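Student: Coordinates for the following, if possible.
(chains A and B)
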Amino acid sequence: MQLTRAVLVVLVAALAAPLARADDRADFSTTWYVERRRGGQGGLSVLHPQADLEVDAGDHTSLGVGYAADVVSGATAAVFTVDATSSATTFDDTRHEGHLSLGFHGQRSALTLTGGAGVERDYTSIIAAAAGNVDLPGKNTNLALSYTHNFDHVCDRDNEMATALERRALTGVDPCATKSVILVEDTDGMTVWRDLDIDTAQATLTQNMSPTLVTQAGLFGQVLRGFQANPYRRVRVAGVEPQESVPDVRGRAALILQANKFLEGVHGTVHGSARGTSDTWGVNSVALEMAYSQYLGDSLMVRFRGRVYQQTEATFFKDAFYYDTTGPAGQYFTGDRELAPIRNIITGARLSYIGVDEKGGNVWGLFDEVELDLKGDILFLQELPANPTDTNPFGIDKQFLSSGQLLDAFMLQLSLQTRW
Amino acid sequence: MDWRSFSSALAIAALLGGCGRFAVRPSEKEHLADRTMRFDSDRQEQAAEDHVQSNREGAAGGRGTSGGGCGCN
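Tutor: Sure thing, here's the model as predicted:
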């Protein structure tokens, strides 16, 4: 209730403020992500193109439209067991996502309403979001609030009233029917679409601390209700291989603190951030990130960064050997690497070309401003044991397709941002 | 964190913001307006990164909000 009131205050403030035009913009990017896999099945590859257009629609408003896709191919493990390679198979999938937004811009405030939809063979999503921010008097403090609701559906095998240990997993040949692209339709006796509702809220406060230092503090909360398992994944539990089973409700919270410090002497900026998260499944995490941006002349900028992340396992996660030999922890069991204890490191660099015509002319004859970016990241991963290793004769070196290899993935991104 | 703690934290932060009302004059905001001083200035880069991390890590959210402290919205 208090959150609802706070959102209303920001929305009213945004609408009541004097209004001003925003820049028209068009952004395009393509991201290529490749993850190594064991077992001679090749890696996991994801191509992720994005396009966004935002234009003024009168003095007070702007309209936005965006599209993104995921083209995924590679290997996945069908069964969580001590040797993931024994059940590795290949798959291909494509996800499409589009959104429309309506923005209201003021001298001291902004409000954006967004609606979107995403669809892939076995998952559909309809998204409604509102985000507002307002500068407090003096314009040294900015308060932002956002809320998003997802109406998602996950295709699942029709297991009727089967118990957790009897449930069968979905397969790639099971039908997951939709009508009118986004509306889901059960296939009697074979597959059903399960609901997943997600509420997400965030509040952030941005504060100028000095002419060269800005800080931000944020709180994030999310509640997920509905089917959250991977319908394809099986877990070897006490000699049988039922579909993964996880709770239907999950709550998450995060606190983030970050700061940017401009270094006048060298014309560069130091970035730092820290994030702590906790959720009701027992996954707690800390992420620390540092970056440095440096201008090279008038048109080039380079950024280097490093990020360290570590999380604890979910309360019901066990290493594969223990699920098989001692059974599940309560009624739940999972082979999801995201719910295992892990630590990872990301390091990379980004090179940017920035074109701005200071004399009021156009860049490339069309734009007020152009930015062309090339970014590369290397991702390292270390999987940690969730249970005692001295009584696990198989260890954890093969339980995921990513196990036993420190260098886990790389990511390349090419992007073009234009303003006019 | 319950809602009472959340409200208290927000109130303290707002008060701190009020204290900073005259901390930086408009004529001193040249560097605050620099693109490197904006949080999450490249929305597509952030979206792609969130997408990757949400598929690798059990944690989610708390990325912060785009924009900076220049007051230029």
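Student: Where does the stretch 251-400 of chain A get nearest to chain B, residue-wise?
Tutor: Per Cβ to the nearest Cβ, A:Ala254 is where the stretch 251-400 of chain A lies closest to chain B, at 2.9 Å. For the C-beta atoms, the positions are set from N, CA and C on the backbone; glycine is no exception.
Student: got a pLDDT number for A:Ala169?
Tutor: Looking at A:Ala169, its pLDDT reads 93.
Student: count of neighbours near A:Ala26?
Tutor: 15 (other Cβ atoms under 10 Å in any protein chain shown).
Student: Could you give the bridge partners of it?
Tutor: Counting by DSSP bridges, A:Ala26 forms beta bridges with A:Leu53, A:Thr418.
Student: And A:Thr114, by the same measure?
Tutor: Here A:Thr114, judged by DSSP bridges, has bridge partners A:Ser101, A:Ala129.
Student: before we move on, what about A:Leu255?
Tutor: A:Leu219, A:Gly276.
Student: Now do the helix or strand encompassing A:Asn208: which elements does it pack against?
Tutor: Here A:Asn208 is covered by strand A:191-210, with elements defined by DSSP states H and E. Strand A:191-210 sits against strand A:141-157, strand A:213-226, helix B:3-19, with contacts defined as 3 or more Cβ pairs under 8 Å, 6 or more residues apart in numbering or on different chains; DSSP states H and E.
Student: Tell me if I'm right that A:Leu100 and A:Gly116 touch.
Tutor: Yes: counting by Cβ atoms under 8 Å, A:Leu100 does reach A:Gly116; the two are 7.2 Å apart.
Student: Looking at those two, which has the bigger crowd around it?
Tutor: Shown here are A:Leu100 and A:Gly116; by other Cβ under 10 Å, A:Gly116 has more neighbours (19 against 13).
Student: For the more buried one, pull up the helix or strand it's in.
Tutor: strand A:109-120.
Student: Could I get the buried residue list for that strand?
Tutor: A:Ser109, A:Ala110, A:Leu111, A:Thr112, A:Thr114, A:Gly116, A:Ala117, A:Gly118, A:Val119, A:Glu120 (16 or more other Cβ atoms under 10 Å in any protein chain shown).
Student: For chain B, state which of these is nearest.
Tutor: Nearest member of these to chain B, counting by Cβ to the nearest Cβ, is A:Ala110, at 5.6 Å.
Student: who's the closest one bridged to?
Tutor: Beta-bridge partners, per DSSP bridges, of A:Ala110: A:His105, A:Asn133.
Student: how long is stretch A:353-366 from one end to the other?
Tutor: Counting by Cα to Cα, to the nearest Å, you get 16 Å between the two ends of stretch A:353-366.
Student: Enumerate the positions of it that are buried.
Tutor: Per 16+ other Cβ under 10 Å, stretch A:353-366 contains these buried residues: A:Ile354, A:Gly355, A:Val363.
Student: could I have stretch A:55-75 exported to CSV, CA atoms only?
Tutor: Listed next in CSV are the C-alpha coordinates belonging to stretch A:55-75 (Å, rounded to 0.1, in the frame of the first residue of the first chain):
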residue,chain,number,x,y,z
VAL,A,55,10.5,9.8,-31.3
ASP,A,56,8.7,12.9,-30.0
ALA,A,57,4.9,13.0,-30.5
GLY,A,58,4.2,16.6,-29.7
ASP,A,59,5.7,18.8,-27.0
HIS,A,60,4.8,16.6,-24.1
THR,A,61,5.1,13.0,-25.2
SER,A,62,7.3,10.5,-26.9
LEU,A,63,6.6,7.2,-28.5
GLY,A,64,8.9,4.2,-28.4
VAL,A,65,9.0,0.9,-30.2
GLY,A,66,11.5,-1.9,-29.7
TYR,A,67,12.3,-5.4,-30.9
ALA,A,68,14.8,-8.0,-29.6
ALA,A,69,15.4,-11.6,-30.4
ASP,A,70,17.4,-14.6,-29.1
VAL,A,71,18.6,-17.2,-31.5
VAL,A,72,19.9,-20.0,-29.4
SER,A,73,21.6,-23.2,-30.4
GLY,A,74,23.9,-25.7,-28.6
ALA,A,75,24.1,-28.4,-26.1
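Student: give the contact list for the nearest residue to B:Asp34 once chain neighbours are set aside.
Tutor: Closest residue to B:Asp34 apart from its sequence neighbours, by Cβ to Cβ, 6 or more residues apart in numbering or on different chains: A:Phe262 at 6.3 Å. Counting by Cβ atoms under 8 Å, 6 or more residues apart in numbering or on different chains, A:Phe262 makes contact with A:Thr212, A:Leu213, A:Gly268, A:Thr269, B:His31, B:Leu32, B:Asp34, B:Thr36, B:Met37.
Student: Now with 7 Å, please.
Tutor: A:Thr212, A:Thr269, B:His31, B:Asp34, B:Met37 (Cβ atoms under 7 Å, 6 or more residues apart in numbering or on different chains).
Student: Please identify the one among these that lies nearest to A:Asn387.
Tutor: A:Thr269 (44.0 Å; Cβ to Cβ).
Student: Where does the closest one fall, secondary structure wise?
Tutor: Assigned by DSSP H and E, A:Thr269 falls in strand A:268-279.
Student: tell me the pLDDT at residue 29?
Tutor: I'll assume chain A. 97.
Student: That was the other one, I meant chain B.
Tutor: B:Lys29 is given a pLDDT of 91.
Student: How many residues are close by it?
Tutor: 21.
Student: follow-up on the earlier one: I'd like to know which elements the strand holding A:Gly116 is packed against.
Tutor: Packed against strand A:109-120, as judged by 3 or more Cβ pairs under 7 Å, 6 or more residues apart in numbering or on different chains; DSSP states H and E, are the following elements: helix A:2-16, strand A:88-105, strand A:123-135.
Student: packing partners for the second one?
Tutor: On a contact count with 3+ Cβ pairs under 7 Å, 6+ apart, strand A:88-105 meets strand A:61-77, strand A:109-120.
Student: can I get those strands in JSON lines with mean pLDDT?
Tutor: Output for the helices and strands packed on strand A:88-105, formatted as JSON lines (pLDDT from 0 to 100):
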{"stretch": "strand A:61-77", "mean pLDDT": "92"}
{"stretch": "strand A:109-120", "mean pLDDT": "95"}
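Student: what kind of secondary structure is the residue in chain A sticking out farthest from the centre in?
Tutor: Distance to the chain centre peaks in chain A at A:Lys359, reaching 39.6 Å (criterion: Cα atoms, centre = their mean). Under DSSP: H, G, I helix; E, B strand; the rest coil, A:Lys359 falls in the coil class.
Student: Show the pLDDT at it.
Tutor: Reported pLDDT for A:Lys359: 73.
Student: Now for the closest residue in space to A:Asp174 that isn't next to it in sequence: which residues touch it?
Tutor: Counting by Cβ to Cβ, 6+ apart, A:Asp174 lies nearest to A:Thr191, which is 5.2 Å off, once chain neighbours are set aside. Counting by Cβ under 7 Å, 6+ apart, A:Thr191 makes contact with A:Cys155, A:Asp156, A:Arg157, A:Asp158, A:Asp174, A:Pro175, A:Cys176.
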